[in-house]
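S.K.: following is a predicted model, sequence given first.
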Amino acid sequence: MFRKLHDPGAQTVTIFIDGRPVPAELGESVAAVLLRQPEAWCRTTPISESPRAPYCMMGVCFECLVEVDGLASVQGCLTPVRNGMRVARQQGPRSLSA
Amino acid sequence: MNANETDLLIVGAGPAGMAAAVTARSQGLSVRVLDDQPAPGGQIWRAIETVAETPRIARLGEAYRAGADRAAAFRACGALYEPESQLWQIEPGFRAFLTQQGRARSVTARAVILATGAQERPAPFPGWTLPGVLTVGAAQILLKTADSVPTSPVWIAGCGPLPLLYMTQLLAAGGQIAGFLDTTPRGRLGAALRHLPQGLGLLADLAKGLSWSLALRRAGFPIIRHVAELRAEGEGRLESLHYRAEDGREGEVAAEVLLVHEGVVPNIHAPLALGCAVSWHAGQHCYVPDLDSWGETSQPNVFVAGDGAGVGGAEAAEPRGRIAALRVAARLGTLGEGAAESAARPERGRLSRALALRPFLDALYAPRPQVFAPADETLVCRCEEVTAGELRARAVQGRPGPNQIKAFTRAGMGPCQGRQCGYTMAHIIATAQNRPVEEVGFYRIRPPLKPVTLGELASLDEREPAA
């Protein structure tokens, strides 16, 4: 959906999206990296389970909620990438387990 | 004073917050600045420190480049700067609660300046929740922070200076535009021109806008005027969009990315949560906090500066920040009343010059009526997936206000807490009940301002400050 204009060179780090390694640049957000993926969505909704993707990129719409390093409902647009970060697309309603 | 105590707490490190911090520091106050972004600059100067070191600074324009000096002055001013901090509650006194790196804590301050800026005006239309539909502001942030542009030629729909600026920047970056659906209604220019005389001092700004328009026209992509209705369609992602102009002309085009923008509105969640009075701004079609000439709200020692005080742009935000900081210095006794008054005088001059063109822009780019009257099937509340039709049906059962319909439908109860549906809800109620929108009011905003996890709450260190 989006593409990067420059080669990050030495600033390149690797993050994992649903277990798959993808390149990212230090200083950019998780949401920005998600929008460059072939499947550019980040969560399904708790109600209709329809896919959503980053919308406002400034922290007010909460559409870019993802799981980051095991913590759910993190705002992807406010979260800068770190090398080795594990991002998971957030799936629909979360169930409680015993 | 312990490490958690500060004279002045500033929320937001954009033009207003940075200017307020520099001024307050120069008057001898201790200053703490919270910001949810990872670097100073706010939205207009997002990632300025990083980008200033790269060749791509050239294609983002002079107004963006100007942020580098501001960020440097802010870094050097001696304020305690806390980036990536989510403010979620301020208690009277003041004690502010924030989350940083997954840990919550509280800090205290004697005065607060809220410099939380503006957000793009929510403008729901069918399909606006599909992946592939983003705001123009979002795309500009992607350009500034990630040097990213839409992969395929992009459709842009909306009105206001931001789409023109972004399109100019996108073309300079080598991006491609499929077409611009200009939603400015017919006849707006005539209505706006009567506001021009007072803005004539800002001919340079007008010339800048005109030069963007001319450059875009020369670029050769289709520009469809007076678009009134918009619909995005696709299975799981945007595939096509459909538009209808005022004169009934319709079109349907394939699209992977659609960027939308219908102006900006102040972020008023924090002032509302603090109990600050707000009033309807008819020119900007939104609520603004009630402020005195220093930017102080109805709550003593709580100030609002920047676009949160009413949209005025970066040039207005900076003097507003300085004026508020001067008043705080006078209140806290580091600056005499008379000295504060004389230091504020040139800033008030700058502020009124910066705002001179605003009535013209407000009139030219006032939101079209369709923004506030989405079709029944349109999702208004993105979080809880509540449609305009459901809200309309509820709005005529008795005479409910936004908080009652929120309870009936869950609209406004999701994680964004009404930041996307609040104004649409108010307009739907106003139309259904045949009363002015300013009488309807807004959602009651309660803490936390941002969702907080139980883990973060549990991490609050209750041993300090000592009770």
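M.R.: Structure received.
S.K.: number of nearby residues for A:Thr14?
M.R.: 12 (other Cβ atoms under 10 Å in any protein chain shown). All C-beta atoms are positioned from the backbone trio N, CA, C, and that covers glycine.
S.K.: do the same with B:Pro346
M.R.: B:Pro346, neighbours per other Cβ under 10 Å, totals 11.
S.K.: what about stretch B:389-408, average pLDDT?
M.R.: Across stretch B:389-408, the average pLDDT comes to 96.
S.K.: same thing with stretch B:262-275?
M.R.: Throughout stretch B:262-275, pLDDT has a mean value of 96.
S.K.: ok, is that stretch in contact with chain A or not?
M.R.: Yes. Using Cβ under 8 Å from any Cβ of the partner chain, stretch B:262-275 reaches chain A at B:Asn267.
S.K.: give the buried residues for that stretch.
M.R.: Going by neighbour count (16 or more other Cβ atoms under 10 Å in any protein chain shown), the buried part of stretch B:262-275 is B:262-274.
S.K.: equivalent analysis for stretch A:40-51, please.
M.R.: By neighbour count with 16+ other Cβ under 10 Å, stretch A:40-51 contains the buried residues A:Ala40, A:Trp41, A:Cys42, A:Arg43, A:Thr44, A:Thr45, A:Ser50, A:Pro51.
S.K.: ditto for stretch B:132-142
M.R.: Applying 16+ other Cβ under 10 Å to stretch B:132-142 flags B:Gly132, B:Val133, B:Leu134, B:Thr135, B:Val136, B:Gly137, B:Ala138, B:Ala139, B:Gln140, B:Ile141, B:Leu142 as buried.
S.K.: stretch B:23-39 too?
M.R.: B:23-27, B:29-39.
S.K.: stretch B:280-295 now?
M.R.: B:Trp280, B:His281, B:Gln284, B:His285, B:Cys286, B:Tyr287, B:Val288, B:Pro289, B:Leu291, B:Trp294, B:Gly295.
S.K.: before we move on, the earlier item: pull the most distant pair out of the buried residues of stretch B:23-39.
M.R.: For the buried residues of stretch B:23-39, the maximum inter-member distance is 28.1 Å, found between B:Gln27 and B:Pro38 (Cβ to Cβ).
S.K.: wait, B:Ile48 sits on B:Gly41?
M.R.: Yes. If you go by Cβ atoms under 8 Å, B:Ile48 and B:Gly41 touch, sitting 4.5 Å apart.
S.K.: neighbours of B:Ile10, how many?
M.R.: With other Cβ under 10 Å as criterion, B:Ile10 counts 32.
S.K.: now B:Gly220
M.R.: B:Gly220 has 8 nearby residues by other Cβ under 10 Å.
S.K.: what strands flank the helix or strand of chain A with the lowest mean pLDDT, and is each parallel or antiparallel?
M.R.: Least confident helix or strand of chain A, by mean pLDDT, DSSP states H and E, is strand A:71-75 with a mean of 92. Using DSSP bridges, strand A:71-75 pairs in its sheet with strand A:65-68 (antiparallel).
S.K.: and the partner strand, C-alpha only, in CSV?
M.R.: Extracted C-alpha coordinates of strand A:65-68, given in CSV (Å, rounded to 0.1, in the frame of the first residue of the first chain):
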residue,chain,number,x,y,z
LEU,A,65,-3.9,-1.5,17.7
VAL,A,66,-1.6,-4.5,17.6
GLU,A,67,0.1,-6.9,20.0
VAL,A,68,3.7,-5.9,20.7
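S.K.: could you give the mean pLDDT of that strand?
M.R.: 96.
S.K.: got the residues of chain A near chain B?
M.R.: Going by Cβ under 8 Å from any Cβ, the residues of chain A near chain B are A:1-6, A:25, A:27-29, A:32-33, A:35-36, A:40-41, A:45, A:47-48, A:50-63, A:65, A:71, A:73, A:77-78, A:80.
S.K.: in strands only, show me those residues.
M.R.: Among these, the members found in strands (DSSP state E) are A:Phe2, A:Arg3, A:Lys4, A:Glu25, A:Pro51, A:Arg52, A:Leu65, A:Leu71, A:Ser73.
S.K.: just the buried members of those?
M.R.: For those, buried by 16+ other Cβ under 10 Å: A:Phe2, A:Lys4, A:Glu25, A:Pro51, A:Arg52, A:Leu65.
S.K.: ok, the second one - contacts?
M.R.: Right, the one you point to is A:Lys4. Going by Cβ atoms under 8 Å, 6 or more residues apart in numbering or on different chains, A:Lys4 touches A:Glu25, A:Arg36, B:Ala146, B:Asp147, B:Ser148.
S.K.: what's the closest of these to B:Thr453?
M.R.: Nearest member of the contacts of A:Lys4 to B:Thr453, counting by Cβ to Cβ, is B:Ala146, at 26.8 Å.
S.K.: measure the closest one to A:Val33 for me?
M.R.: 8 Å (Cβ to Cβ, to the nearest Å).
S.K.: cool, and B:Pro222?
M.R.: B:Pro222 sits 32 Å away from A:Val33, going by Cβ to Cβ.
S.K.: who has more neighbours out of the two?
M.R.: Using other Cβ under 10 Å as the criterion, B:Pro222 and A:Val33 rank with A:Val33 on top: 24 against 12.
S.K.: and that one, what is it in contact with?
M.R.: A:Val33 touches A:Ile15, A:Ile17, A:Val22, A:Ala24, A:Val81, A:Val87, B:Ala146, counting by Cβ under 8 Å, 6+ apart.
S.K.: what do you get if the cut-off is 10 Å, keeping everything else the same?
M.R.: A:2, A:4, A:13, A:15, A:17, A:22-25, A:76, A:81, A:85, A:87, B:146, B:148 (Cβ atoms under 10 Å, 6 or more residues apart in numbering or on different chains).
S.K.: and B:Ala354, by the same measure?
M.R.: Shown in contact with B:Ala354 (Cβ under 10 Å, 6+ apart): B:Leu202, B:Asp205, B:Gly312, B:Gly313, B:Ala314, B:Glu315, B:Ala316, B:Ala317, B:Glu318, B:Pro319, B:Arg320.
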